[in-house]
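Undergrad: my questions concern the predicted model and sequence given below.
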Amino acid sequence: MLTQQQVTLFKKQLMQLKKETEAHLADHYGMTTAQVNESVGELSNYDNHPGDTATELYEREKDIALNEHSETELKAINQAIKAIEQGTYGQCAVCRIDIPIERLEALPTTLYCVDHTEEQSVERVRPVEEDILDSDISRDDEDDTTMFDAEDAWQRVGKYGSSETPSDFYDTEKTYQDMFFDSDELVGSVEELEGFLLSDRDGKFIGVNERHEHYEDYLDDQDVNSIMYD
């Protein structure tokens with residue numbers, strides 16, 4: 001059981017916490033006085049996309065969350081002060097067992113022991129689809145697994161153009177359409193021949209695509225019949 005000196009000390013701490021919390025809630029973190037246009041500096045928000053004020057929106061949302069937290073904290077402080085006035089402070093409201101002094105020092109507003117606290121656990125429920133989904137760029141222990149990694153991401157965006165020029169590559173045959181590393185790497189096929197063939201939805205051969213024609217022109221320019229023969 002707490003001594004009268006300890007109860008007086010905890011009451012002093014609670015009164016100080018109450019004073020600080022009420023000061024934070026005096027203007028509700030500026031939500032009652034500062035309008036959105038005042039925090040942004042614009043006369044009107046009608047001509048602004050919400051994405052342009054994302055930072056200000058986040059700050060306003062944070063103020064709302066802090067305000068709700070302060071209101072909950074003030075309610076807990078008042079309940080603890082009421083328990084002191086009733087002479088029940090320091091005893092669990094459920095089992096009436098004395099609350100350890102260490103717990104009261106860490107959380108002066110508590111009215112429950114560890115076994116009967118209202119917040120028994122912190123929920124960490126994640127969406128069920130995360131059990132089967134993975135990030136686009138990830139790594140695992142499967143060395144033989146083909147995945148979309150950071151290099152593939154750079155190649156994907158690099159094909160749309162960069163500041164590179166043909167002089168930046170050792171391969172002098174590159175054109176401005178191939179200004180990214182490994183531009184000759186096959187995408188969507190293993191063998192180069194697979195990139196030429198077309199098939200219908202049943203998998204039947206229906207012809208070749210335009211890449212085959214470009215490939216034939218390349219062989220003619222190099223005076224080569226086929227890379228499959230000497």
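TA: Arrived safely.
Undergrad: separation between Gly87 and Thr110?
TA: From Gly87 over to Thr110 the distance is 17 Å, taken as Cβ to Cβ, to the nearest Å. The C-beta positions use only the backbone N, C-alpha and C, and glycine is treated the same way.
Undergrad: more neighbours: these two, which one.
TA: Comparing Gly87 with Thr110 by other Cβ atoms under 10 Å, the one with more neighbours is Thr110, at 21 against 9.
Undergrad: tell me the SS of the more buried one?
TA: coil (DSSP: H, G, I helix; E, B strand; the rest coil).
Undergrad: for it, grab phi and psi.
TA: Note on Thr110: its backbone torsions stand at phi -70, psi 140 [degrees, to the nearest 10].
Undergrad: my guess is it meets Pro100, correct?
TA: No. Thr110 lies out of contact with Pro100 (Cβ atoms under 8 Å); the separation is 10.3 Å.
Undergrad: can you pull out the residues in contact with the helix or strand that contains Glu20?
TA: Glu20 is part of helix 4-25, with elements assigned from DSSP states H and E. Outside helix 4-25, the residues that touch it by Cβ atoms under 8 Å, 6 or more residues apart in numbering are 2, 66-67, 70-71, 73-74, 77-78, 80-81, 84, 89-90, 101, 104, 108-109.
Undergrad: wait, a helix at Val125?
TA: No. Remark: Val125 does not belong to a helix; assigned using three-state DSSP, it is coil.
Undergrad: any figure for the gap between it and His69?
TA: Val125 is 21 Å from His69, by Cβ to Cβ.
Undergrad: repeat that for Val157.
TA: To His69, Val157 is 42 Å away according to Cβ to Cβ.
Undergrad: go on, Asp52?
TA: Taking Cβ to Cβ, one finds Asp52 at 28 Å from His69.
Undergrad: could you chop the chain up by domain?
TA: According to automatic domain parsing, the chain comprises the domains 4-116, 161-221.
Undergrad: sorry, back to before: helices - which of the contacts of helix 4-25 land there?
TA: Taking DSSP state H, the ones among the contacts of helix 4-25 that sit in helices are 66-67, 70-71, 73-74, 77-78, 80-81, 84, 101, 104.
Undergrad: the helices in the protein, which residues?
TA: 4-25, 36-40, 54-86, 101-106, 150-158, 210-221.
Undergrad: lowest-confidence stretch among those helices?
TA: Looking at the helices of the chain, the lowest mean pLDDT belongs to helix 36-40 (a mean of 57).
Undergrad: dump the helices of the chain into TSV; add distance to Cys95 as well.
TA: TSV is the format used below for those (distance: least, Cβ to Cβ, whole Å):
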stretch	distance to Cys95
helix 4-25	20
helix 36-40	48
helix 54-86	15
helix 101-106	14
helix 150-158	56
helix 210-221	78
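Undergrad: closest one to Arg201 among the ones you listed?
TA: Of all the helices of the chain, it is helix 210-221 that lies closest to Arg201, at 20.4 Å by Cβ to Cβ.
Undergrad: mind listing what's buried in the closest one?
TA: Tyr215 (16 or more other Cβ atoms under 10 Å).
Undergrad: and stretch 101-115, by the same measure?
TA: 104, 108-113.
Undergrad: endpoints of that stretch, how far apart?
TA: Distance across stretch 101-115, first residue to last, is 15 Å (Cα to Cα, to the nearest Å).
Undergrad: neighbouring contacts of that stretch?
TA: Against stretch 101-115 from outside (Cβ under 8 Å, 6+ apart): 2, 6, 10, 13-14, 17, 73, 76-77, 79-80, 83, 89-90, 92-95, 97, 99-100, 117-118.
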